[in-house]
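> return a 3D structure for these sequence lines:
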Amino acid sequence: METRERFARAILYGFESYFARFQNITLAAEPRFANADWQGLRESSIERINLYKTSTRETLATVKLLAGQDLKHLEFWREARAIYAGLIDGRDNFEIAETYFNSMYCAVFSHQKIRDEYAFVFSPQGDMPPADVSKVYRTYRPGDSISGMLGQLLDDYAFTVPYEDKPRDIKNIEQALQRYFASRGDLRSPDTEFQVLEPHFFRNKGAYIVGRIVCQGRSEPMVLPILHSENGSVYVDTILFGSDRVSVLFSFTRAYFLVDASIPAQCVLFLQQLMPAKPISEIYSAIGHNKHGKTYYYRCAFRHMRGTTDQFNIAPGIKGMVMTVFTLPSYDFVFKVIKDRFTPPKDMTREQVKAKYALVKRWDRAGRMADTQEFKGLAFARERFSEALMEELREVAPSVIEEHGKTLVIKHVYVERRMTPLNLYLQDATDEQVGAVMDEYGNAIKQLAAANIFPGDMLLKNFGVTRHGRVVFYDYDEIQPLTDCNFRRIPEPRNEEDEMSSKPWYTVRDNDIFPEEFSLFFSGNQRARQVFDTLHSDIYDAAFWRGLQERIRTGHVEDFFPYRRELRFDRRLTEAESA
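Sure thing, here's the model as predicted:
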């Protein structure tokens with residue numbers, strides 16, 4: 001066996017080992033959920049994210065030995081790629097295997113000289129394996145008894161712990177179905193089917209049964225969230241209908257699901273049918289294959305650039321002190337570049353900022369922090385950049401850009417979904433919208449804190465509003481674990497001189513935080529502040545923050561609901577009432 005084939009096989013063996021370990025971590029989610037092992041589930045999620053880097057480093061060490069001096073020769077990689085393509089031809093997870101090969105290539109060449117002839121920029125087998133989604137879902141037909149069908153479904157998706165009150169859950173689900181389909185079709189129609197993905201989806205403290213209802217030619221997405229009760233049993237918390245609510249569940253603002261998708265494309269395609277507006281790259285990331293989500297994103301972005309002619313411009317909003325941000329009018333994403341020098345009073349390094357973004361990648365984002373894709377050596381057509389943007393980049397981040405004739409290379413950039421900055425949203429918002437969005441803003445701060453994240457700079461401009469009206473934090477340079485903070489009340493002035501002083505008369509250490517000062521984040525928008533003070537004034541109280549810290553330190557894991565609380569079923573319905 002010649003060197004190139006051994007080299008290609010070594011990468012494939014590394015991938016197979018990675019994929020098996022990925023699956024093993026995922027499979028442990030079900031018993032951990034059944035045992036209410038919330039810390040174990042959180043650790044599993046982090047372990048699985050870290051696994052990719054660990055595995056690729058191990059594989060890289062092996063292939064370096066095999067390749068020797070050929071490792072840096074592009075012709076060697078061209079031939080190895082062809083051999084590897086043959087080895088994975090027809091596999092039902094070839095797309096993930098291609099991304100693994102790409103990771104090897106990028107590690108060797110530091111994300112430079114990326115060409116389709118040396119790596120899988122595009123796949124010779126297409127973007128995704130051909131997948132028969134009917135093989136990954138169970139079919140249920142209501143017939144004459146919807147409750148009977150629901151009982152069978154809950155039995156099939158039961159855990160080793162019992163349901164708290166299965167008849168009550170069935171009644172709740174049936175009533176919700178009848179209400180929702182009152183004007184949408186007859187659930188007792190002979191052609192009605194409930195098509196439910198076989199694996200559970202696990203995240204945080206919830207398990208989710210995901211599927212769709214096909215009724216009289218229409219298809220409606222459906223999700224049943226399963227939660228633990230106080231006595232150790234489980235119950236159905238609600239039923240979610242429609243693409244929008246399911247899309248929020250699979251949002252780019254949440255950590256990745258633990259789901260047994262041994263053939264990822266089957267699961268991804270089914271989910272994409274439920275959420276046609278959601279990019280496939282985000283769905284791959286949602287089920288834990290975030291590295292391939294990045295590959296898929298790049299391919300779609302490349303095609304979008306090829307099919308459009310509009311120019312990149314500086315993103316609207318107040319300029320950041322750490323990042324410069326640009327976007328394309330026809331594109332739903334923004335590009336964030338770390339500046340060479342930060343605007344005072346910011347005092348940190350580029351590496352510290354990158355570490356913050358890496359931290360967010362591994363954290364439970366609680367539905368309140370945007371996921372990002374990190375790229376190195378990203379090449380653009382120079383003509384697509386407006387002169388104002390080029391001037392900005394040359395001024396604030398000259399070390400990050402390289403101009404090569406018609407090509408502009410950005411050495412390091414983050415990409416994330418575009419949102420409307422909260423401060424801009426408020427400018428044209430009605431009173432009703434201000435009330436809703438400021439409640440969301442307060443909830444976002446509290447939910448981040450409950451996930452042990454202190455945002456640091458909570459200015460309105462650092463939060464965005466999604467198309468679903470959710471408020472999301474996206475400026476990570478000052479985040480830190482909440483438990484590292486020291487929340488204090490501002491001491492009373494000792495005398496008139498203290499009271500009139502423009503500087504603090506008391507000692508302030510690095511991690512000291514004074515919540516009474518948070519009202520400064522609303523400077524210039526008193527309408528927003530008045531609403532916020534009515535809804536979330538407890539955020540100004542140091543005792544509120546210290547109470548959250550104590551809960552976290554005692555091991556408490558907060559519930560984060562990816563749906564409105566008013567959608568939750570009434571668990572007070574007794575078994576007699578549900579009979």
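> CA only for contacts and neighbour counts going forward, please
OK.
> which element, helix or strand, includes Ala208?
Ala isn't right for residue 208; it's Tyr. Secondary structure from DSSP states H and E places Tyr208 in strand 206-215.
> buried residues, stretch 160-178. List them.
163-174, 176 (16 or more other C-alpha atoms under 10 Å).
> among the residues you listed, which lie within helices?
If you go by DSSP state H, the buried residues of stretch 160-178 have Lys166, Pro167, Arg168, Asp169, Ile170, Lys171, Asn172, Ile173, Glu174, Ala176 in helices.
> next up, the contacts around His536.
Counting by C-alpha atoms under 8 Å, 6 or more residues apart in numbering, His536 touches Asp439, Gly442.
> with adjacent residues omitted, what lies nearest to Met348?
Excluding the flanking residues, the one nearest Met348 by C-alpha to C-alpha, 6 or more residues apart in numbering is Phe342, at 7.9 Å.
> state whether that neighbour is indeed within a helix.
No: in this structure, Phe342 is coil, not part of a helix, as judged by DSSP: H, G, I helix; E, B strand; the rest coil.
> give me the number of residues near it?
Per other C-alpha atoms under 10 Å, the neighbour tally for Phe342 reads 17.
> returning to what we had before: pull up the pairing partners for the strand holding Tyr208, direction included.
If you go by DSSP bridges, strand 206-215 pairs up with strand 193-197 (antiparallel), strand 201-203 (antiparallel), strand 218-228 (antiparallel).
> so which of the ones you listed gets nearest Ala119?
Minimum separation from Ala119 across the strands paired with strand 206-215 (C-alpha to C-alpha) falls at strand 201-203, 32.4 Å.
> domains of this protein?
Under the assignment automatic domain parsing, the domains of the chain span 3-109, 133-304, 308-418, 422-540.
> what about the strands in the stretch 1-150 of the chain?
Listed in chain order, the strands of the stretch 1-150 of the chain (DSSP state E, counting those that start in this stretch) span residues 137-140.
> ok, which stretches of it are helices?
All helices of the stretch 1-150 of the chain, identified by DSSP state H, counting those that start in this stretch, fall at 3-27, 29-34, 38-67, 74-88, 94-109, 146-156.
> and the shortest one, what does it pack against?
Meaning helix 29-34. If you count contacts as 3 or more C-alpha pairs under 8 Å, 6 or more residues apart in numbering; DSSP states H and E, helix 29-34 packs onto helix 38-67, strand 201-203.
> pick the most deeply packed of the ones you listed.
Of all the helices and strands packed on helix 29-34, strand 201-203 carries the top mean neighbour count, a mean of 23, counting by mean count of other C-alpha atoms under 10 Å.
> out of the helices of the stretch 1-150 of the chain, which comes closest to Glu499?
That would be, of these and by C-alpha to C-alpha, helix 38-67, which comes in at 46.5 Å.
> what is that closest one packed up against?
On a contact count with 3+ C-alpha pairs under 8 Å, 6+ apart, helix 38-67 meets helix 3-27, helix 29-34, helix 94-109, helix 350-362.
> can you add mean pLDDT and distance to Arg115 and give the helices of the stretch 1-150 of the chain back as TSV?
Output for those, formatted as TSV (pLDDT from 0 to 100; distance: least, C-alpha to C-alpha, whole Å):
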stretch	mean pLDDT	distance to Arg115
helix 3-27	97	18
helix 29-34	97	38
helix 38-67	95	20
helix 74-88	97	10
helix 94-109	96	10
helix 146-156	97	48
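> closest to Cys300 out of those helices?
helix 94-109 (14.5 Å).
> okay, buried residues for the closest one please.
Going by neighbour count (16+ other C-alpha under 10 Å), the buried part of helix 94-109 is Phe94, Glu95, Ile96, Ala97, Glu98, Thr99, Tyr100, Phe101, Asn102, Ser103, Met104, Tyr105.
> could you do stretch 466-477 as well?
Across stretch 466-477, burial judged by 16+ other C-alpha under 10 Å covers Thr466, Arg470, Val471, Val472, Phe473, Tyr474, Asp475, Tyr476, Asp477.
> ditto for stretch 337-344
By neighbour count on 16+ other C-alpha under 10 Å, the buried set for stretch 337-344 is Val337, Ile338, Lys339, Asp340, Arg341, Phe342.
> and the second one, what are its bridge partners?
With DSSP bridges applied, Ile338 shows beta-bridge pairing to Met323.
> pretty sure Phe326 is in a helix, no?
No: counting by three-state DSSP, Phe326 is not found in a helix; it is strand.
> since we're on it, how many residues are nearby?
With other C-alpha under 10 Å as criterion, Phe326 counts 21.
> could you redo the helices and strands packed on helix 29-34 as TSV and give each row distance to Gly232?
Output for these, formatted as TSV (distance: least, C-alpha to C-alpha, whole Å):
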stretch	distance to Gly232
helix 38-67	13
strand 201-203	17
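> and the ones you listed: which comes nearest Leu328?
Nearest of these to Leu328, taken as C-alpha to C-alpha: helix 38-67 at 30.1 Å.
> output the below-cut-off pLDDT ranges for the stretch 451-579 of the chain.
For the stretch 451-579 of the chain, the stretches with pLDDT under 70 are 573-579.
> mind listing the helices for it?
Using DSSP H, counting those that start in this stretch, helices in the stretch 451-579 of the chain cover 496-500, 526-536, 542-553, 575-578.
> among those, which comes closest to Pro421?
helix 526-536 (14.1 Å).
> give me the number of residues near the nearest residue to Phe532 once chain neighbours are set aside?
Nearest residue to Phe532, sequence neighbours excluded (C-alpha to C-alpha, 6+ apart): Met438, at 5.7 Å. The number of residues packed near Met438 is 24, by other C-alpha under 10 Å.
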